[in-house]
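Colleague: Sequence first, then the predicted structure, then my questions.
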Amino acid sequence: MAEELTGAGSALPRYAVRAVVMDEQGAVLLFRANQAVTRTRRPLWMMPGGGVKPGESWEAAILRELYEETGRRFERVGPWVWTRRISFAYGGAMLHQEERYYLVRSERFLPVPAALEEGEDAFLEDQRWWTVEEIRASEDWFAPRRMAELVAELAAGRVPPRAIDCGI
């Protein structure tokens, strides 16, 4: 179960999980956020995932989120590879989010959202598989910012022995 964040100041703690869904060739599945919602100057791509519900384990949360956002039921996830902490404003509140990224190996498939929660259908605009080379060449933004470098390491079989901080 997610532990309580400390040192978050007046920001509300939020726990989230994300999946590094990687196919046999090392491409990753990414979702594009609605720019009107994120208020970014460029398209922002991120890995599937979302909030951990109270009493839910990190692993149960990512399995649920993967089903909701891709329509695919996974039996298990791979290792926890990255950690990310970020603060942002959402819905009039400041949130301090701790994220865990889990590696999920999969054959390439067409994601079809199965059970998006209220607001997610407006937030998630598109999804596609990206190679490391495509991420590096793109003018779009990616979260985490070092995504190309981090994905390249995983695609080369260099999985960290314990989760590393992937930055913002």
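Modeller: Received it, and whenever you're ready, just let me know what you need. Residues are numbered from 1 along each chain as shown.
Colleague: ok, residue 89 - how many residues close by?
Modeller: 10 (other C-beta atoms under 10 Å). No exception for glycine: its C-beta is placed from N, CA and C like everyone else's.
Colleague: That one reaches residue 97, doesn't it?
Modeller: No. With contact defined as C-beta atoms under 8 Å, residue 89 does not reach residue 97; the gap is 11.5 Å.
Colleague: what packs against the helix or strand residue 31 falls within?
Modeller: Taking DSSP states H and E as the definition, residue 31 sits inside strand 28-33. Using 3 or more C-beta pairs under 8 Å, 6 or more residues apart in numbering; DSSP states H and E, the elements in contact with strand 28-33 are strand 12-22, strand 44-46, strand 124-130.
Colleague: Dump those strands into JSON lines; add mean neighbour count as well.
Modeller: Output for the helices and strands packed on strand 28-33, formatted as JSON lines (neighbours: other C-beta atoms under 10 Å):
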{"stretch": "strand 12-22", "mean neighbour count": "22"}
{"stretch": "strand 44-46", "mean neighbour count": "20"}
{"stretch": "strand 124-130", "mean neighbour count": "16"}
